[in-house]
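Chemist: sharing a model that was predicted from the sequence below.
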Amino acid sequence: MNRIKNTLAQDKKLLSIYFTAGYPEPGNTVSIIKDLEKSGVDFIEIGLPFSDPLADGPTIQESSGVALKNGMTTKKLFQQLEGIREEVEIPLIIMGYFNPILQFGVEEFCKRCAAVGIDGLIIPDLPVEEYNEKYRDIFEKHGLSNIFLITPQTSEERIRFIDSVSEGFIYMVSTASVTGSTKGFSQETRDYFKRISAMNLRNPQIVGFGISDEETYGQATKFAKGAIIGSAFIKHLNSGGKHDIPGFVKAIRPV
Amino acid sequence: MSYQVDKKGYYGDFGGAYIPEMLYPNVEELRRQYLDIMKEESFQKEFKELLRDYVGRPTPLYYAERFSKKYGTKVYLKREDLCHTGAHKINNTVGQILMAKRLGKNRIIAETGAGQHGVATATVCALMGIECIVYMGEIDIERQAPNVARMKMLGAKVVPAKSGSRTLKDATNEAIRDWINNPLDTHYIIGSVVGPHPYPDMVARLQAVISEEIKVQLKEKENRENPDYVVACVGGGSNAAGAYYHYLDTPEVGIIAVEAAGKGIESGESAATSALGKEGIIHGSKTLLMQSEDGQITEPYSISAGLDYPGVGPMHANLFRSGRGEFISITDEAAMKAGLELAKLEGIIPAIESSHALAIFEDRKFKEEDIVVVNLSGRGDKDLSTYIDYFKL
Ligand SMILES: Cc1ncc(COP(=O)(O)O)c(C=O)c1O
């Protein structure tokens, strides 16, 4: 939790990159994380692959499918992450659907996360009410920050409620869509960024979904603290960009 | 203890709404309004009129004399196969289209496996003049060509689900993704008692007309409202939920749920969720589902496309866990045989889904004086090519 808070406290706009563990090859996890940190990324989301990723578009769905075919499992991910904290300092967040975590055992999952040095979790299909009632104590006991999503349709009242439960940042979904849209941001979307920013929430907001290049990164971070890129990075990996991670990051955020 | 849904949307340990935040406004709007809307006089009037004049309700409760004789007990068939479009599915779609109109939605999405729910949805959309998009697994589109053609004739757009295993669960994923992408004008008509709360309860209430009618009809025929047993096949569980609904909290009525064993429970090609499933989350609901040790949802198998779902509705998961329901699984072979038998004994060709329910009498014995109501969820027209291939007709 401290690593996330320290990063958020920095006086700059943040860039986070998402990738699916086990994609394109099963053994990539650690090398991708190290390369991303070296390239200046501020934090990383490690995707736990799932057979039925409801909130994801085709790119992340496909990466999830490939990762599962590659034999990726929750157990394997924890094995790969063992010792990661000897090499990597930036915050690491696991993003995954709830069913694999439930099967692993929520308590056991949190324990392993804490042991390998994971700082937070994003579980899109674990609603804030269920979390509050059943799981919050477990997450807190293991020092894990649970990150919630808001969307352009989330009511102000609910945003305030989510803000009160959140510790870390709020994941602000840019538009009403699954991941991987590349339409660019409309005036309406930019107004939404502005509206949320003006709410002066306790937790800073990081924008995700639909950020694919320097322009959309710039639009998102004009009002928000940072932005997250997923599908565009997966596409980069898919088109042979595994050895040019710095090139990808530089194109989004030139130094 | 009641077997109905509780205030938080759970049936015992099962149910809830495990949905991404993007779906929250729509699901919450529905949750807040569905009971009030269903209670409205205008809704009830329109719903009942359409069920009577358009769907053809009440469906008969038919005493199957020759079938009964063969198995030494009294078997009544609830004839949902006589509903317009050939199955119980339309009870739900008529109700939900009326709901959608009252919620101000003008675009309908649905998922379908065999195509029965897709056809039932396309039908009510045609009736109301509302745009209709049906997601269907690419593999199912190939397997169920006649239903694809029916949906197209009815003016629906059929969109192939190309992700994952390209069958029903993936069609459901695609429909949910569509809803995420279209949060304002769209209503999602789910085809069974699955999905996030309030869907399981809403669909069960819309199908509850089945047991409501059974009570009245049995009273006329047998001078009693309660049979000894109600039997239904369970895919997601909507025809079963409708047949059980008014008997859930009447312990003297035995509830029998029939799942598809496919090629056998141990064969690796099965859809017997209660036997093979573990607690987990699928399509926004905590329920029993077939999954790997790592929590990946596995692909079920059954000769009947309508039972080919890796989960069951949360009501049924609770009936199983609590012991209120007796769960039986039936192989492809036994179901096909029972379907042919009903055709020969009663002149009724059942849907293969319903044949599963009929197949239990081979091994599950009842007393001579028992009254057993079997919900005959659909007719076999859609399955003719499967029957032809199987029996080399
Ligand atoms: C005739 C028939 N029976 C049963 C089913 C299974 O669905 P449920 O379990 O929701 O009744 C279907 C689904 O397509 C069907 O067409």
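Modeler: Done, it's in. Note that this is a predicted model, so its numbers are computed, not measured.

Chemist: surely B:Ala17 is in contact with A:Pro127?
Modeler: Yes. Counting by Cβ atoms under 8 Å, B:Ala17 touches A:Pro127, with 6.5 Å between them. For the C-beta atoms, the positions are set from N, CA and C on the backbone; glycine is no exception.

Chemist: what's near enough to touch the residue nearest to B:Tyr245 when sequence neighbours are not counted?
Modeler: Take B:Tyr245 and drop its neighbours on the chain: the residue closest to it by Cβ to Cβ, 6 or more residues apart in numbering or on different chains is B:Ala208, 3.8 Å away. For B:Ala208, the contact set (Cβ atoms under 8 Å, 6 or more residues apart in numbering or on different chains) comprises B:241-242, B:245-246.

Chemist: let's see 10 Å
Modeler: B:91, B:241-246, B:248 (Cβ atoms under 10 Å, 6 or more residues apart in numbering or on different chains).

Chemist: would you list the residues you listed in TSV and tack on secondary structure and pLDDT?
Modeler: Output for the contacts of B:Ala208, formatted as TSV (DSSP: H, G, I helix; E, B strand; the rest coil; pLDDT from 0 to 100):
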residue	secondary structure	pLDDT
B:Asn91	helix	98
B:Ala241	helix	98
B:Gly242	helix	98
B:Ala243	helix	99
B:Tyr244	helix	99
B:Tyr245	helix	98
B:His246	helix	98
B:Leu248	coil	98
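
Chemist: near chain A, which residues of the stretch 101-250 of chain B show up?
Modeler: B:162-165, B:169-170, B:172-174, B:176-184, B:196 (Cβ under 10 Å from any Cβ of the partner chain).

Chemist: now do residue 72, the pLDDT please.
Modeler: Because you didn't say which chain, this covers chain A. Model confidence at A:Met72, given as pLDDT, is 98.

Chemist: nope, chain B please
Modeler: So B:Gly72 comes in at 98 (pLDDT).

Chemist: try B:Asp178
Modeler: 96.

Chemist: that one reaches B:Cys132, doesn't it?
Modeler: No. Look at B:Asp178 against B:Cys132 with Cβ atoms under 10 Å: they stay out of range, at 12.0 Å.

Chemist: for B:Asp81, what are its contacts?
Modeler: B:59, B:87-88, B:348-351, B:354, B:375-381.

Chemist: in those residues, which has the lowest confidence score?
Modeler: B:Asp381 (93).

Chemist: contacting residues around that one?
Modeler: With Cβ under 10 Å, 6+ apart, B:Asp381 has these contacts: B:81, B:86-87, B:146, B:349, B:351.

Chemist: ok, 8 Å please
Modeler: So B:Asp381 contacts B:86, B:349 (Cβ under 8 Å, 6+ apart).

Chemist: what's the answer for B:Gly311, then?
Modeler: By Cβ under 8 Å, 6+ apart, the neighbours of B:Gly311 are B:194, B:236, B:273, B:277, B:282-283, B:285, B:287-290.

Chemist: looking at the residues you listed, which one is closest to the ligand?
Modeler: Nearest to the ligand among the contacts of B:Gly311 is B:Gly236, at 4.0 Å by Cβ to the nearest ligand atom.

Chemist: longest strand in chain A, please.
Modeler: In chain A, taking DSSP state E as the definition, the longest strand is strand A:14-20.

Chemist: what does that one rub up against?
Modeler: Under Cβ under 8 Å, 6+ apart, the answer for strand A:14-20 is A:7-8, A:32, A:36, A:40-47, A:49, A:60, A:63-64, A:66-67, A:93, A:95, A:206, A:208, A:217, A:221, A:225-230, A:233-234, A:237, A:249, A:252-253.

Chemist: what does stretch B:173-188 give?
Modeler: Residues contacting stretch B:173-188 (Cβ under 8 Å, 6+ apart): A:52, A:54-55, A:57, A:151, A:153, A:176-178, B:20, B:22-23, B:25-26, B:96, B:99-100, B:103, B:105-111, B:133, B:135, B:159, B:161, B:163-164, B:190, B:283-284.

Chemist: who has more neighbours out of B:Asp178 and B:Cys132?
Modeler: Taking neighbours as other Cβ atoms under 10 Å in any protein chain shown, B:Asp178 and B:Cys132 compare with B:Cys132 leading, 24 against 19.

Chemist: doesn't that one lie inside a strand?
Modeler: Yes. Assessed with DSSP: H, G, I helix; E, B strand; the rest coil, B:Cys132 lies in a strand.

Chemist: can you name the residues that contact the nearest residue to it once chain neighbours are set aside?
Modeler: Among residues not flanking B:Cys132 along the chain, B:Cys125 sits closest, at 3.6 Å (Cβ to Cβ, 6+ apart). With contact taken as Cβ under 8 Å, 6+ apart, B:Cys125 is in contact with B:97, B:108, B:131-132, B:154-156.

Chemist: do A:Ile123 as well
Modeler: A:Ile123 neighbours (Cβ under 8 Å, 6+ apart): A:95-98, A:101, A:146.

Chemist: among those residues, which are in helices?
Modeler: A:98, A:101 (DSSP state H).

Chemist: what about the residue of the stretch 101-250 of chain A found nearest the ligand, how many residues close to it?
Modeler: Per Cβ to the nearest ligand atom, A:Asp125 is where the stretch 101-250 of chain A lies closest to the ligand, at 22.4 Å. Residues near A:Asp125, counting by other Cβ under 10 Å, number 24.
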